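K.L.:
one predicted model, sequence on top.
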Amino acid sequence: MRLLKLLPVLFLFSCIDLIIQETIYNSLYFSGGSWIEFAEIDSMKLESDDFTIQFWISGGDANTNKAPAIFSIIDPDDNITLAILRDVNQKNSITTIINSAIDRQEYSGLDWSDPDDFYLISLLFSDSEGLRIYINDYKILSSGSLLDVKGSILNVGAIVNKDRTIRENFWYGYIDEVRLWNTRLADSTIKFQYEQPDKLGDNYRYTDENGNEISTYLDSLIGIWRLNFEEPLTIIEDDSEHDNDGNIYTLSGFSVELSKKGAK
């Protein structure tokens, strides 16, 4: 499926327009017309084509007839390499678009209608083994499709191309955290993270008998965006020390709210 370029629109999109409602913020609430844009995936210090993208995310009311997109990767020719979307009329399924091919997966533990129920979405990429997708610790898809992400940017909360002439399928719901790993996480790691949302691993550093640090998968964390704002900001800082900051954009007339909700 090839995305058609949109005609120029009268809307001027600008950086974030936030409405403060809480005093302690754990997530961002998207209600259409907004998205998070990161850099090109292959520029974010990836050393191989094996990597993992994760989201802590929940749903809620969706005032739209289009399936809201959790995220999208669009190639330089404006074809969808990968997108994951929430179905508007079915609370326990997601729609996947892989190399422009559309499919749907159902999961009985999923309920997009409940804004308090956050899910850990994990996408494991490989240039030799294809793609695996998990909701919490349950694998809902294993595809042999190989994905070329070179030259593509990562957008969270919408389907958007590189020059932003395509902007559609905006997210309705909460996003608590986004993570980028320079490795394919093990099933046991995903299970641990799902069961303990506030931890990335059981230990951050391991040491040998001489006190020297031992490398672990935690060293492959090259992007973590916690979305725990204390005040309205336009830039989402990367807490991984790799400086892969993101930006929030909104169309005119839309906003993103700071929220107290989050994964527990």
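P.N.:
Yep, that arrived.

K.L.:
helices of the stretch 1-150 of the chain, start to end?
P.N.:
Shown for the stretch 1-150 of the chain, no helices are assigned by DSSP state H, counting those that start in this stretch.

K.L.:
before we move on, what about the stretch 151-264 of the chain?
P.N.:
Using DSSP H, counting those that start in this stretch, helices in the stretch 151-264 of the chain cover 187-195.

K.L.:
so where's it shaky on pLDDT?
P.N.:
Residue ranges of the stretch 151-264 of the chain with pLDDT under 70: 202-209, 211, 213-214, 232.

K.L.:
go again using 80 as the cut-off
P.N.:
By pLDDT under 80, the low-scoring segments of the stretch 151-264 of the chain are 201-216, 230-233.

K.L.:
list the contacts for Phe55?
P.N.:
Contacts of Phe55 were listed using CB atoms under 8 Å, 6 or more residues apart in numbering, and they are Ile70, Phe71, Leu120, Ile121, Val156, Ile175, Glu177, Val178, Arg179. Yep, even glycine has a C-beta here, placed from its N, CA and C like the rest.

K.L.:
mind listing the residues bridging to the last one?
P.N.:
According to DSSP bridges, the partner residues bridging Arg179 are Gln54, Ile224.

K.L.:
would you list the contacts of Phe55 in CSV and tack on distance to Ile224 and neighbour count?
P.N.:
Shown next, in CSV, are the contacts of Phe55 (distance: CB to CB, whole Å; neighbours: other CB atoms under 10 Å):
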residue, distance to Ile224, neighbour count
Ile70, 17, 23
Phe71, 15, 26
Leu120, 14, 22
Ile121, 15, 20
Val156, 13, 25
Ile175, 13, 25
Glu177, 7, 21
Val178, 7, 25
Arg179, 5, 22
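
K.L.:
need these in CSV with distance to Trp35, can you?
P.N.:
Converted to CSV, the contacts of Phe55 look like this (distance: CB to CB, whole Å):
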residue, distance to Trp35
Ile70, 11
Phe71, 9
Leu120, 20
Ile121, 16
Val156, 6
Ile175, 10
Glu177, 16
Val178, 12
Arg179, 18
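
K.L.:
from those, which is closest to Gln105?
P.N.:
Using CB to CB, Ile121 is the member of these that lies nearest Gln105, at 11.6 Å.

K.L.:
that closest one against Ile133, yeah?
P.N.:
Yes - counting by CB atoms under 8 Å, Ile121 does reach Ile133; the two are 7.5 Å apart.

K.L.:
grab the nearest non-local neighbour of Ile53.
P.N.:
Leu123 (4.8 Å; CB to CB, 6 or more residues apart in numbering).

K.L.:
what's the distance between the one you found and Asp238?
P.N.:
As judged by CB to CB, to the nearest Å, Leu123 and Asp238 stand 18 Å apart.

K.L.:
now for Ile97, how many residues are close by?
P.N.:
Ile97 has 21 neighbours, counted by other CB atoms under 10 Å.

K.L.:
what do you get for Ala39?
P.N.:
Ala39: 17 surrounding residues under other CB under 10 Å.

K.L.:
correct me, but it touches Asn247?
P.N.:
No - applying CB under 8 Å, one finds Ala39 not in contact with Asn247, separated by 9.7 Å.

K.L.:
overlap of the contact sets of Ile121 and Ile133?
P.N.:
Residues within reach of Ile121 and of Ile133 at once, by CB under 8 Å, 6+ apart, are Ile84.

K.L.:
hmm, back to that, quick one: contacts for the residue nearest to Ile53?
P.N.:
Per CB under 8 Å, 6+ apart, neighbours of Leu123: Thr52, Ile53, Gln54, Leu82, Ile84, Leu131, Arg132, Ile133, Tyr134.

K.L.:
which of the residues you listed sits closest to Ile94?
P.N.:
Ile84 (5.9 Å).

K.L.:
what's near enough to touch the closest one?
P.N.:
Taking CB under 8 Å, 6+ apart, one finds Ala69, Ile70, Phe71, Ile94, Thr95, Thr96, Ile97, Ile121, Leu123, Ile133 in contact with Ile84.
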